[in-house]
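Visitor: Sequence first, then the predicted structure:
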Amino acid sequence: MAMKISTEKFNDRVEQGIHDSFMRGAVAGAQDGMGVKRRVVTTDELSNWEDWRNHAEEIRQHVLANLDYYLEQLSENIAQRGGHVFFAQTKEEANEYIRGVVQRKKAKKIVKSKSMVTEEISLNAMLEEEGCEVVETDLGEYILQLDDHDPPSHIVVPALHKNKEQIRDVFAQKIGYTKTSTPEELAYHARVTLREKFLEADLGITGCNFAVAETGSFCLVTNEGNADLVTALPKTQITVMGMERLVPTFEEMEVLVSMLTRSAVGQKLTSYITVLTGPREELDVDGPEEFHLVIVDNGRSDILGTEFQSILQCIRCGACINVCPVYRHIGGHSYGSIYPGPVGAVLSPLLGGYDDFKELPYASTLCGACTEVCPVKIPLHQLLHKHRQVIVEKEGKAPFSEKMLMKAFGLGAASPALYNMGSKMAPVAMNPFTVGDKISKGPGPLKAWTEIREFPAPNKERFRDWFKNREKGGE
Amino acid sequence: MAKIGTIHNRDSFLNKISKSLNRPRLTGPIPRPEWKYQPQHEVFKGASPDELLDIMKVHCQKIHTNLYETDLKGLPDVLNEVVEGYGGGPVVISKDERFSEWGLDSLLKKEWPSRDMAVFEWDYTLGDENVRRAEQANVGITISEITLAESATVVLFSDKDHGRTINFLPATSIMLIPKSTLVPRFTQAAVKMREIHQQTGRVASCINFITGPSNSADIELNLVVGVHGPIKASYIVIHDL
């Protein structure tokens, strides 16, 4: 799956989203439930939560400002431990390197733990081209994979848009499941089915929550334990990381992991935090004999040094998604990107280009809830506003209706005579659409507005006429 | 000593980063930053071991984990009770002298085997057979090296005698926790990990922070306890260690 998950138009995707009542109920429930859990372990429990956010922000900013140094240190330390490091400028380079490892190891059976960056570079498609069986082992990702690669709708809870009956049907159709739709039975069936896959896999692939430069380590944060089996059982392991996902030492890793688990799922720590360093040691029995780290740029260095640099502070917790009022109504698929919500609306146009994602910065009320909740203090709503400036001023890609409106206003306001006539004509022109002092079915650019709420009709007396009249002693 | 690994495409990659940052490549060691904020050290600062244990007990209720307390004398009985509660063997344990030092030899080597409860001790000379035994085991037993009170988390370091899969493949998991391993939170464990690395130049190839049994909320956000890792977990805190 590439970063772009739909070829449909943005408005069509939104239309589908707002009419999917199960999805909307699930998203609203998730936002409310996860919001409460997050507040308990952040602002309620830690009276100095703002200090935590400030510390997380200073760590992320320091790393980005010194990124080349820390990446060099990381790669040296991994090589010292016998691991192999490949720096991939593009997704094609990353895939080619991984293809080489797969071919050399004659790997056919691959287990994966959840990784957004591997989705971003379309890794599974390449592996399937190579004739490999690739199994996603995170329960949510596994469900989506079985359902003919249904795209994720949330970065932490990827199958949020599906109900348990739909999941039961997918299991029944694809893996011969015969039991009920209770989550416990479904999860147990996945456990048994996937246990076989873990044991027979010859290659394990993971993402990376944070790499640690000082020791050449990296950590994985999960609740299910799948990443631990992916990294303990196959003889070869490949880990793919976005180039910005690292910290100087274990001490900073600890802070960011704590911020991640609290902000993402409202847990002090998830069930499993696993810190891995290189391949297994000489006499170890489990763990990979061969370890490869693929560090991916794929457009990130073009964000460094720009007004959008702070988006690279992101630790992929999804807290911004869980508070966004727009996401609540349109759901994850409407964004058309593997990265939905406010973070996706900032990141997708930067990594995937404005051609495919120019509407996303407009999928926001700019209310700032995302910025307020972000554990690493990314000014998300300001970045969305900056995107709009770039789209209008540099890219010339403002929405058509906005362009026409601005053009008409520009024409009208440029000439006093036209302005005078226009403002006199407004109540007359709007008369057919006006009931009382409201317009409820507006024409042209007003249509979208009045479909969901009324618009005040232009006042019959213009301000300048009222003012003139007042000076003469009228009311 | 492990072989040195390879590094590909590094210079062009890092040069592009420094160009984007509008400055020359950073090469020399950069000093460790002086952070303006350090809130993590304030959490449960100065708490006594008993207070830390109380904090941990409260959190265990939230992570679906039973916590038992005992002294060394009572340890065999408590361990036996917990394992029986989980339905008995087979049992897999790490190879660790502390089991013997803590008076568990009789239980592990005589009593359980005599009751047809197989006990397998991790043995690196047997290679993959260890993994096969762990996969068949009903109970895995390990010892926490550092224990985080705030999140009720045990910390385990892998090596040839402490296989990673003991904690993941068996259906249930029991962690023995010397009370002296309790620290306030993750912060102290991270400091300790850095110290070990600085003193020895090494870090274990796998360090596990484990907080209760495995779980998932991927289906309609319903919490299901027991997914890929253990379905149940218990902690046994040993007071006089």
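Guide: Structure's in. What do you need?
Visitor: Can you name the residues that contact the residue of the stretch 101-250 of chain A found nearest chain B?
Guide: Ranked by CB to the nearest CB, the top residue of the stretch 101-250 of chain A for proximity to chain B is A:Gly225, at 2.7 Å. All C-beta spots, glycine's among them, are computed from the backbone N, C-alpha and C. Under the criterion of CB atoms under 8 Å, 6 or more residues apart in numbering or on different chains, the contact partners of A:Gly225 comprise A:Ser271, A:Tyr272, B:Phe168, B:Ser214, B:Val227, B:His228, B:Gly229, B:Pro230.
Visitor: Okay, now the unreliable bits of chain B?
Guide: Residue ranges of chain B with pLDDT under 70: B:1-2.
Visitor: Quick check, the residue in it closest to chain A?
Guide: With distances taken as CB to the nearest CB, chain B approaches chain A most closely at B:Gly229, which sits 2.7 Å away.
Visitor: Flag every buried residue along the helix or strand where A:Arg328 lies.
Guide: The secondary structure element spanning A:Arg328 is helix A:325-330 (assigned by DSSP states H and E). Neighbour-count burial for helix A:325-330, with 16 or more other CB atoms under 10 Å in any protein chain shown as criterion, is recorded at A:Val326, A:Tyr327, A:Arg328, A:Ile330.
Visitor: In those, find the pair that's most separated.
Guide: Pairwise distances among the buried residues of helix A:325-330 were taken by CB to CB; the largest, 8.0 Å, belongs to A:Arg328 and A:Ile330.
Visitor: Skip the chain neighbours and tell me the closest residue to the residue of the stretch 101-250 of chain A closest to chain B.
Guide: Nearest non-adjacent residue to A:Gly225, counting by CB to CB, 6 or more residues apart in numbering or on different chains: B:Gly229, 2.7 Å away.
Visitor: Give me the three-state assignment for the one you found.
Guide: Secondary structure, DSSP: H, G, I helix; E, B strand; the rest coil: B:Gly229 is coil.
Visitor: does it really touch A:Ser271, like I thought?
Guide: Yes - the pair formed by B:Gly229 and A:Ser271 meets the contact definition of CB atoms under 8 Å, at 7.2 Å.
Visitor: Mutual contacts of those two, please.
Guide: Shared contacts of B:Gly229 and A:Ser271, defined by CB under 8 Å, 6+ apart, comprise A:Glu224, A:Gly225, B:Pro213, B:Ser214.
Visitor: and the first one, what element?
Guide: Right, A:Glu224. Remark: A:Glu224 resides in no helix or strand, with elements defined by DSSP H and E.
Visitor: what about the residue of chain B closest to chain A, how many neighbours?
Guide: When counting by other CB atoms under 10 Å in any protein chain shown, one arrives at 30 neighbours for B:Gly229.
Visitor: before we move on, back to that, can you pick the most crowded of the shared contacts of B:Gly229 and A:Ser271?
Guide: Among the shared contacts of B:Gly229 and A:Ser271, the one with the most neighbours (other CB under 10 Å) is A:Glu224, at 31 neighbours.
Visitor: which residues sit in contact with the nearest residue to that one once chain neighbours are set aside?
Guide: The shortest distance from A:Glu224 to any residue that is not its chain neighbour, by CB to CB, 6+ apart, is 4.1 Å, and that residue is B:Val227. Contacts were defined as CB under 8 Å, 6+ apart; by that measure B:Val227 touches A:Leu139, A:Ala187, A:Ala190, A:Arg191, A:Asn223, A:Glu224, A:Gly225, A:Asn226, B:Ser214, B:Asn215, B:Ser216.
Visitor: The helix or strand where the third one lies packs against which elements?
Guide: Taking DSSP H and E as the criterion, the element that holds A:Ala190 is helix A:183-200. Contact analysis of helix A:183-200 by 3 or more CB pairs under 8 Å, 6 or more residues apart in numbering or on different chains; DSSP states H and E lists strand A:109-112, helix A:139-146, helix A:164-175, helix A:226-232, strand B:224-225 as its packing neighbours.
Visitor: So for it, what gets flagged as buried?
Guide: A:183, A:185-191, A:193-194, A:197-199.
Visitor: coming back round to it: from the contacts of B:Val227, which is closest to A:Met253?
Guide: Within the contacts of B:Val227, distances to A:Met253 taken as CB to CB reach their minimum at A:Asn223, with 18.4 Å.
Visitor: The closest one touches A:Tyr272, doesn't it?
Guide: Yes - taking contact to mean CB under 8 Å, the distance of 6.9 Å between A:Asn223 and A:Tyr272 places them in contact.
Visitor: More neighbours: which of these two?
Guide: With neighbours defined as other CB under 10 Å, A:Asn223 and A:Tyr272 compare such that A:Asn223 has more, 29 against 26.
Visitor: which stretches of chain B form helices?
Guide: Remark: helices of chain B, listed N- to C-terminal, are B:10-20, B:49-60, B:75-85, B:97-101, B:105, B:112-114, B:129-136, B:186-200; assignment by DSSP state H.
Visitor: so can I have TSV of those helices showing distance to B:Asp161?
Guide: As requested, those are arranged in TSV below (distance: least, CB to CB, whole Å):
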stretch	distance to B:Asp161
helix B:10-20	36
helix B:49-60	27
helix B:75-85	20
helix B:97-101	9
helix B:105	17
helix B:112-114	20
helix B:129-136	10
helix B:186-200	17
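Visitor: I'd like those helices written out as JSON lines, with distance to A:Gln103 and mean neighbour count added.
Guide: Putting the helices of chain B into JSON lines (distance: least, CB to CB, whole Å; neighbours: other CB atoms under 10 Å in any protein chain shown) gives the following:
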{"stretch": "helix B:10-20", "distance to A:Gln103": "23", "mean neighbour count": "17"}
{"stretch": "helix B:49-60", "distance to A:Gln103": "47", "mean neighbour count": "17"}
{"stretch": "helix B:75-85", "distance to A:Gln103": "46", "mean neighbour count": "18"}
{"stretch": "helix B:97-101", "distance to A:Gln103": "45", "mean neighbour count": "13"}
{"stretch": "helix B:105", "distance to A:Gln103": "50", "mean neighbour count": "13"}
{"stretch": "helix B:112-114", "distance to A:Gln103": "47", "mean neighbour count": "14"}
{"stretch": "helix B:129-136", "distance to A:Gln103": "26", "mean neighbour count": "18"}
{"stretch": "helix B:186-200", "distance to A:Gln103": "35", "mean neighbour count": "18"}
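Visitor: Sort out which one of the shared contacts of B:Gly229 and A:Ser271 lies nearest B:Pro49 for me.
Guide: After measuring these against B:Pro49 - CB to CB - the closest member comes out as B:Pro213, at 25.3 Å.
Visitor: Before I go, just wanted to say thanks for your time.
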